[in-house]
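> A predicted structure for the sequence below; I have some questions about it.
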Amino acid sequence: MCSIEKTSAYATSTAMKKLVNALVPNESRPERVGPRISALRESMSVTKAQLADSIGLDRSTLTKVEKGQIGLDIAKGEAIAAIYGFGLDFIYRGDLSDVPDRYREKLLIQMIEYRAT
């Protein structure tokens, strides 16, 4: 690839990133959803293997989701909501009113710990 093509590819990549940033709300980005998935899992004392198996997700994929490396498919978010009672508004937007009362306090502690690291 010549330098003009590289520059053009970089400009297209940069423009695409700006467009995605404008269209995707901050709270829905993988780096924000991942810690919430980790926190909800830990607040329920569920292992990664148990959560992954219960929603039909590969364990290594769940690890990538929790690290914020990849996004959580909406179908998997819906499975978490249906099985564990955490609403999609919490998973994808961080809305704590969409968290079952019995997990809310422990979840808040987990979220504070994730933000501190």
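That came through, no problem.
> This protein: helices as residue ranges?
Listed in chain order, the helices found in the chain under DSSP state H are 3-23, 30-43, 48-55, 59-66, 74-84, 88-93, 101-116.
> Not counting sequence-adjacent ones, nearest residue to the residue positioned nearest the centre of the chain?
In the chain, the residue lying closest to the centroid (CA atoms, centre = their mean) is residue 33, at 2.3 Å. Distance criterion CB to CB, 6 or more residues apart in numbering; nearest residue to residue 33, sequence neighbours excluded, is residue 72 at 5.4 Å. C-beta here means a position set from N, CA and C on the backbone, and glycine is covered the same way.
> where's the residue nearest to the centre of the chain relative to residue 69, distance?
As defined by CB to CB, to the nearest Å, residue 33 lies at a distance of 11 Å from residue 69.
> List the residues that contact residue 47.
residue 41 (CB atoms under 8 Å, 6 or more residues apart in numbering).
> hang on, residue 108 packs against residue 96?
Yes - with contacts counted by CB atoms under 8 Å, residue 108 reaches residue 96, the gap being 7.4 Å.
> low-confidence ranges in this structure?
The chain contains residues with pLDDT under 70 at 1-12, 16-17, 19-25, 116-117.
> what about 80?
Across the chain, the stretches falling below the confidence threshold (pLDDT under 80) are 1-26, 114-117.
> picking that back up, for the residue nearest to the centre of the chain, give me its contacts.
Under the criterion of CB under 8 Å, 6+ apart, the neighbours of residue 33 are 27, 65, 68, 71-72, 91-92.
> can you check residue 55 too?
By CB under 8 Å, 6+ apart, the contact list for residue 55 reads 76, 79-80, 83.
> Output these in CSV; the columns should cover distance to residue 59 and neighbour count.
Shown next, in CSV, are the contacts of residue 55 (distance: CB to CB, whole Å; neighbours: other CB atoms under 10 Å):
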residue, distance to residue 59, neighbour count
76, 13, 20
79, 15, 16
80, 15, 22
83, 17, 11
